[in-house]
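A.B. asks: Whatever this is, show me its structure:
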Amino acid sequence: MRAVNSDHAGDLYGELFLADQVRPTAASRKAIWQKLWPGIAICGIASLAASWLSEHYGAPIILMGLLIGLALNFVASDARTHPGLDFASKTCLRWGIVVLGTQVTLAQIGDLGPVPFLALLAVMAAAMGAALLVARLGGQPVAVGLLAGGATAICGASAALALFGVLGSRRISQGQFALTLVVISVASALAMSFYPPLAAALHMDDRQAGFLIGASIHDVAQAIGGGYAYSDTAGSYATIVKLTRVALLAPVVAIVSILVADDAGQGRGWIRKLALPWFITLFLGVVVLNSVVTVPPAIAHMNLILSKSLLLLAVTATAMRSRLDLIMQMGWRAAMPVAAATLASLLVAIAFTLTVLG
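C.D. replies: Numbering: from 1, shown residues only. Next up, the predicted model:
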């Protein structure tokens with residue numbers, strides 16, 4: 001039996017270091033897959049069911065994944081599902097965010113123009129500020145406000161997953177995270193139905209309606225769908241506004257990383273505080289690459305499907321790992337940061353739309 005260096009014995013870092021020195025064998029890869037398979041299979045079946053319901057009944061696919069995952073959360077009581085569910089909720093999430101970068105270009109941000117861009121930043125700042133204020137008034141941690149505000153300001157469930165990857169379960173409980181995802185998805189679905197008629201009632205033109213819808217609806221699909229429900233011109237403009245918000249995912253995650261860096265550990269230098277999570281860095285790289293290389297529409301569409309599939313798996317797995325009893329114990333106050341951020345983004349978007357863009 002080969003002796004192990006005592007410097008690494010009994011130490012988690014040492015075990016990881018030694019594991020990296022051993023080239024994975026076919027047998028070890030098979031063993032890993034056998035551990036992951038039960039959780040991934042159940043999560044995949046639930047995600048397919050969510051996709052079917054969304055396609056046949058027009059319900060938001062992320063919301064369907066959340067509800068089905070919560071309904072099946074009893075499967076997490078079986079320890080055999082844990083490795084696969086963890087893989088889906090973490091690894092699939094990160095690569096889903098990376099692939100999402102293929103839908104954004106720097107040219108789209110430039111097409112928005114300086115004045116609408118500044119108005120968009122004001123809308124996002126209002127959402128973040130309202131969530132932080134309500135979280136503070138409700139006695140909740142700052143991290144809850146950052147999660148709710150950031151997710152509302154950027155791109156809904158996708159941003160919530162990315163921010164949770166930075167904030168971590170030490171600051172945000174699994175129940176709070178699942179509740180935030182549910183409230184964001186429901187609010188986004190309601191907004192897609194009510195914001196286009198609201199824009200019409202306020203006598204907005206296509207450009208104004210596109211800005212309002214793109215700047216204030218959370219999830220990408222609902223924002224684009226709401227824009228095209230108003231008109232084709234409004235849909236095109238809402239798409240540009242919404243994808244600009246998606247592109248701002250990286251800087252918002254960077255700011256949140258800096259804000260929580262001191263809490264993460266002592267002695268970190270300022271350079272390490274500025275370091276982004278690897279998947280956000282790759283997201284930025286993919287955005288830049290997508291801006292300089294022309295991607296065929298067919299490949300871009302495949303990347304969109306891949307990104308949505310990976311994020312759906314992550315959301316469904318996260319819901320399966322959530323305890324419904326803990327979510328129910330939180331009460332209505334736990335949902336108020338998202339509600340406040342949603343209302344603030346809508347009101348500020350309306351104000352800028354009617355004054356600056358009028």
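
A.B. asks: burial measure for residue 33, as a count.
C.D. replies: 11 (other CB atoms under 10 Å). Where C-beta positions appear, they are placed from N, C-alpha and C, glycine not excepted.

A.B. asks: before we move on, what about residue 206?
C.D. replies: Residue 206: 18 neighbours (other CB under 10 Å).

A.B. asks: For the residue nearest to it when sequence neighbours are not counted, what is the enclosing helix or strand?
C.D. replies: The shortest distance from residue 206 to any non-neighbouring residue, by CB to CB, 6 or more residues apart in numbering, is to residue 233 (3.8 Å). Using DSSP states H and E, residue 233 sits in helix 232-247.

A.B. asks: same check, this time on residue 147
C.D. replies: helix 142-153.

A.B. asks: Tell me which residue lies nearest the centroid of the protein.
C.D. replies: residue 158 (1.8 Å; CA atoms, centre = their mean).

A.B. asks: still on that earlier bit, and the next helix or strand after the helix holding residue 147, how far out from the chain's middle?
C.D. replies: Sequence order places helix 157-167 as the next helix or strand after helix 142-153, per DSSP H and E. Put simply, helix 157-167 sits 5 Å off its chain's centre (CA atoms, centre = their mean, to the nearest Å).

A.B. asks: got it, and stretch 186-199?
C.D. replies: 19 Å.

A.B. asks: ditto for stretch 351-358
C.D. replies: With CA atoms, centre = their mean, you get 28 Å for stretch 351-358.

A.B. asks: got it, and stretch 280-294?
C.D. replies: With CA atoms, centre = their mean, you get 18 Å for stretch 280-294.

A.B. asks: Once you drop chain neighbours, what's closest to residue 249?
C.D. replies: Per CB to CB, 6+ apart, closest to residue 249 is residue 154, 5.2 Å.

A.B. asks: Quick check: the gap between residue 224 and residue 42.
C.D. replies: 31 Å (CB to CB, to the nearest Å).

A.B. asks: same check, this time on residue 229
C.D. replies: Distance from residue 229 to residue 42, by CB to CB: 35 Å.

A.B. asks: Compare the two (neighbour count), which wins?
C.D. replies: Ranked by neighbour count (other CB under 10 Å), residue 229 and residue 42 place residue 42 first, with 23 against 18.

A.B. asks: In the stretch 151-300 of the chain, what residue spans correspond to helices?
C.D. replies: Secondary structure of the stretch 151-300 of the chain by DSSP state H, counting those that start in this stretch: the helices cover 157-167, 174-201, 206-216, 220-230, 232-247, 249-264, 270-274, 278-292, 297-320.

A.B. asks: residues of the second one that come out buried?
C.D. replies: Residues of helix 174-201 classed as buried by neighbour count (16 or more other CB atoms under 10 Å): 174-189, 191-192, 195-196, 198-199.

A.B. asks: The third one too?
C.D. replies: By neighbour count, and taking 16+ other CB under 10 Å as the criterion, the buried residues in helix 206-216 are 206-216.

A.B. asks: Would you check that residue 104 makes contact with residue 290?
C.D. replies: Yes - if you go by CB atoms under 8 Å, residue 104 and residue 290 touch, sitting 6.7 Å apart.

A.B. asks: more crowded one of those two?
C.D. replies: Taking other CB under 10 Å, residue 104 and residue 290 do not tie; residue 104 has more neighbours (24 against 20).

A.B. asks: Noted, bye for now.
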